[in-house]
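[1] No letters, just coordinates:
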């Protein structure tokens with residue numbers, strides 16, 4: 001019998017308020033480390049203690065208002081995570097391999113509004129401060 005390694009997944013629901021490049025982004029999720037649940041908070045604590053898939057999923061209102069994911073941009077990360085876009089670009093998944101020597105990953109989630117053409121980037125861990133320029 002072939003035993004495969006089980007890698008758990010956590011889901012973070014993303015709410016986007018607004019349709020322009022300066023829209024506000026909020027997250028709802030349960031921490032896999034503490035078990036604490038957060039609703040519509042402006043920043044995530046994405047700490048983990050084991051290899052984990054993280055799936056960011058746009059909520060109904062965000063997707064109805066035209067928002068999609070276009071990718072993920074590393075931010076001064078020595079070992080950047082590789083994103084995988086799902087069908088219709090309404091969710092994006094990363095695999096964090098968990099390495100004690102590199103416990104944090106810094107990145108921007110990239111969005112595009114298909115109705116307005118506006119694009120934006122937000123760091124889910126740093127109070128959604130977009131990069132300069």
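    Yes, it's here. Since the model is a prediction, treat every value here as computed from it, not as a measurement.
[2] Show me the helices in the chain, by range?
    Here the chain has its helices, by DSSP state H, at 60-64.
[3] Where does pLDDT dip in it?
    1-2, 127-133 (pLDDT under 70).
[4] Tell me which residue is most central in it.
    Per CA atoms, centre = their mean, the C-alpha nearest to the average position across the chain is that of residue 56, at 4.4 Å.
[5] All the strands of the chain, residue numbers only.
    9-17, 24-30, 37-41, 52-58, 67-74, 83-85, 91-96, 107-113, 119-122 (DSSP state E).
[6] Against which helices or strands is the fourth one packed?
    This means strand 52-58. strand 9-17, strand 67-74, strand 91-96 (3 or more CB pairs under 8 Å, 6 or more residues apart in numbering; DSSP states H and E). For every residue, glycine as well, the C-beta is placed using N, CA and C.
[7] can you check the second one too?
    The elements that strand 24-30 packs onto, with contact taken as 3+ CB pairs under 8 Å, 6+ apart, are strand 9-17, strand 37-41.
[8] Switch the strands of the chain over to CSV; also include distance to residue 3.
    Putting these into CSV (distance: least, CB to CB, whole Å) gives the following:
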stretch, distance to residue 3
strand 9-17, 19
strand 24-30, 27
strand 37-41, 32
strand 52-58, 19
strand 67-74, 31
strand 83-85, 24
strand 91-96, 19
strand 107-113, 32
strand 119-122, 39
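[9] returning to that earlier point: and the residue nearest to the centre of the chain, how far from residue 123?
    Distance from residue 56 to residue 123, counting by CB to CB, to the nearest Å: 12 Å.
[10] what sits in contact with each of those two?
    residue 109 (CB atoms under 8 Å, 6 or more residues apart in numbering).
[11] rewinding a little: now tabulate the helices and strands packed on strand 52-58 in JSON lines and tack on mean neighbour count.
    JSON lines is the format used below for the helices and strands packed on strand 52-58 (neighbours: other CB atoms under 10 Å):
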{"stretch": "strand 9-17", "mean neighbour count": "17"}
{"stretch": "strand 67-74", "mean neighbour count": "19"}
{"stretch": "strand 91-96", "mean neighbour count": "20"}
